[in-house]
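**Student:** sequence below, structure please.
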Amino acid sequence: MVQDLNLQQAINHSAYPIDEPQNPHRDRVIKQVQAELADDGCAVIRNFFSPAGLQALVDEAQARQQQAYYSPNKMCNVYLGDGDESFSQEHPRNMFMPRTNGFVTADLFGDETLARQLYNWDALNQFLADCLGKKKLYLYEDPISNMIVNLGKPGQQFNWHFDTNEFTITMLLKPAESGGQFEYVPDLRTPEDECYDDVKAVLEGDRSRVRQLDLNAGDLQFFLGRFALHQVTENTGSTDRLLLIMSFTEQPGVIGNSVRVKNLYGKLADVHRQNKTVRSDKLID
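**Tutor:** Modelled structure (predicted):
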């Protein structure tokens, strides 16, 4: 039970003493993550959770997966927004692909859940900041999507897209038996340039820059998804794929674009209606 499991016990603490700043093991992990991120914007900490911690997170996700939201609009562009008639139909903003996965939204995880406690854990926050080379991370203030579970049932997929935030922290709770592969194209756009031609090339089948990542249950992944196009391929197995996603920001007050949030999660909160969207760049969302 979650109430019997403290946060240290929820992770593989002997290998990853994240709450001990002077521990050399912690420093080694941070350097490993930083080296991998510098290479291609993606890094993985294997077996981050203890068996008990992982099981608790799986149980929480499965208890809520019947409430997962599936958008009635099954076709999305890579910006997870509307098209733009001022561009041609062959432009990436008007190229739509199927997206069939569901989302268990953040508002369904109360303070009593292990997932929420981990998200609010200062030691985890500081560890993630250190790995990312940031002085401070803020909790993503979007009450619908700051901490979600991506649910991929057999036959479902989450096609090519960019993220709202510069970086995202994901924790694979349950992989697909087959398929459900994470694929990404590092540095496909920049804070100053959408690089539409490069995006279009990938959407038209160019896989010369596509990388694949094998993830196992309990792995923690760092990913710079604001600038890297990425997808989860179709789940071709017979069981569900469950991915816990935690989002943090470098400045306070960041929330999701209201159109994107409504399209992805089927609901809005008061903060979205106040039109207080904050971004650090001028990119499409």
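
**Student:** bridge partners for Leu243, pull those for me.
**Tutor:** On the basis of DSSP bridges, Leu243 is bridged to Asn150, Leu172.

**Student:** next one: the one 4 residues further on
**Tutor:** Each beta-bridge partner of Ser247 is listed here: Thr168, as defined by DSSP bridges.

**Student:** would you confirm that it contacts Met147?
**Tutor:** Yes. Counting by CB atoms under 8 Å, Ser247 does reach Met147; the two are 7.2 Å apart. Where C-beta positions appear, they are placed from N, C-alpha and C, glycine not excepted.

**Student:** phi, psi of the closest residue to Gly83 other than its chain neighbours?
**Tutor:** Using CB to CB, 6 or more residues apart in numbering and skipping the chain neighbours, the partner closest in space to Gly83 is Asn94 (4.3 Å). For Asn94, the backbone dihedrals (degrees, to the nearest 10) come out as phi -120, psi 20.

**Student:** likewise Cys195?
**Tutor:** Dihedral angles (degrees, to the nearest 10) for Cys195: phi 50, psi 50.

**Student:** quick one: residues contacting it.
**Tutor:** For Cys195, the contact set (CB atoms under 8 Å, 6 or more residues apart in numbering) comprises Leu188, Arg189.

**Student:** what's the spacing between it and Ser145?
**Tutor:** According to CB to CB, to the nearest Å, Cys195 stands 25 Å off from Ser145.

**Student:** and His161, by the same measure?
**Tutor:** The gap separating His161 from Ser145 is 14 Å, by CB to CB.

**Student:** those two: which is more packed in?
**Tutor:** Remark: of His161 and Ser145, Ser145 carries more neighbours, 23 against 19, as counted by other CB atoms under 10 Å.

**Student:** tell me the SS of the residue nearest to that one when sequence neighbours are not counted?
**Tutor:** Spatial nearest neighbour of Ser145, chain neighbours left out: Gly256 (5.4 Å); criterion: CB to CB, 6+ apart. Classification of Gly256 by DSSP: H, G, I helix; E, B strand; the rest coil places it in coil.

**Student:** isn't Gly256 right up against Pro143?
**Tutor:** No. With contact defined as CB under 8 Å, Gly256 does not count as touching Pro143 (9.8 Å).

**Student:** okay, the two: which has more neighbours?
**Tutor:** Per other CB under 10 Å, whichever of Gly256 and Pro143 has more neighbours is Gly256, with 27 against 19.

**Student:** residues near the residue nearest to Arg273 when sequence neighbours are not counted, how many?
**Tutor:** Once flanking residues are discounted, Arg273 sits nearest to Ser258: 7.2 Å by CB to CB, 6+ apart. Using other CB under 10 Å, Ser258 has 17 other residues around it.

**Student:** relative to Tyr265, how far out is Ser258?
**Tutor:** Using CB to CB, one gets 11 Å for the distance from Ser258 to Tyr265.
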